[in-house]
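Enquirer: For reference, the sequence and a predicted model appear below.
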Amino acid sequence: VTGVQTCALPICVDVNADHLAVGVVDRHGNPKASFSIPYRPYEGSTAQNEAALGAIINDLCDLAELKGLPIVIERLKLAFLMAKMKHSHGRKVNKRLSSLSYRKIFSFFESIAARRKVTLIKVFAGYSSKLGAINYLNLRNKVSSHEAAAFMLARRGMNLKDYLDISGLKDSAQIGRAHV
């Protein structure tokens, strides 16, 4: 499912080069739980990597099916990402990112979710890392930046507005809430 769709209490997944960051939010879009699932796409054969990744995605679909929840993933422009990658990282990171096929991960999500009849919602990923870092990376939330980005993806899957929590930046009583 692509486009604007509202869902309740999604499992949200932020895809990264060496792990999947997973988050769950409450009905208001506030963080409830998060964790990361590591994988090593640059170790082993292609078939081994695909089997390991398929097992991870299958486990996430098990959880979604058991709880009756949809899964929200990011919708990326892969050609733009690969072009940007050439200029923004060192050789080791580029090799790791190249060995990871984002297209393959998203096709695994689509096929496994469809086979399991789990609703899969794709949302725009722009600024999710920045907004997640500002809104959820502080002393009261012990989450990684990737898990914070997953929370922002969940809010988008629920069709909630992105917001910028500036309470830690300046006196929020004078400024109010800033919307992005």
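Expert: Thanks, I have the structure now. Since the model is a prediction, treat every value here as computed from it, not as a measurement.
Enquirer: Please enumerate the strands of this protein.
Expert: 11-15, 19-25, 31-38, 71-75, 120-124, 163-164, 178-179 (DSSP state E).
Enquirer: Leu53 is nearest to which of these?
Expert: strand 19-25 (9.0 Å; Cβ to Cβ). From N, CA and C alone the C-beta is placed, and that goes for glycine too.
Enquirer: Counting by contacts, list what the closest one packs against.
Expert: Packing partners of strand 19-25 (3 or more Cβ pairs under 8 Å, 6 or more residues apart in numbering; DSSP states H and E): strand 11-15, strand 31-38, helix 46-67, helix 145-157.
Enquirer: just for this structure, where's the confidence low?
Expert: Applying pLDDT under 70 to the chain flags residues 1-8, 77-100, 139-141, 164-180.
Enquirer: With distance to Phe108 and mean neighbour count added, can I get the helices and strands packed on strand 19-25 in a markdown table?
Expert: Shown next, in a markdown table, are the helices and strands packed on strand 19-25 (distance: least, Cβ to Cβ, whole Å; neighbours: other Cβ atoms under 10 Å):
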| stretch | distance to Phe108 | mean neighbour count |
| --- | --- | --- |
| strand 11-15 | 10 | 26 |
| strand 31-38 | 13 | 15 |
| helix 46-67 | 5 | 15 |
| helix 145-157 | 17 | 27 |
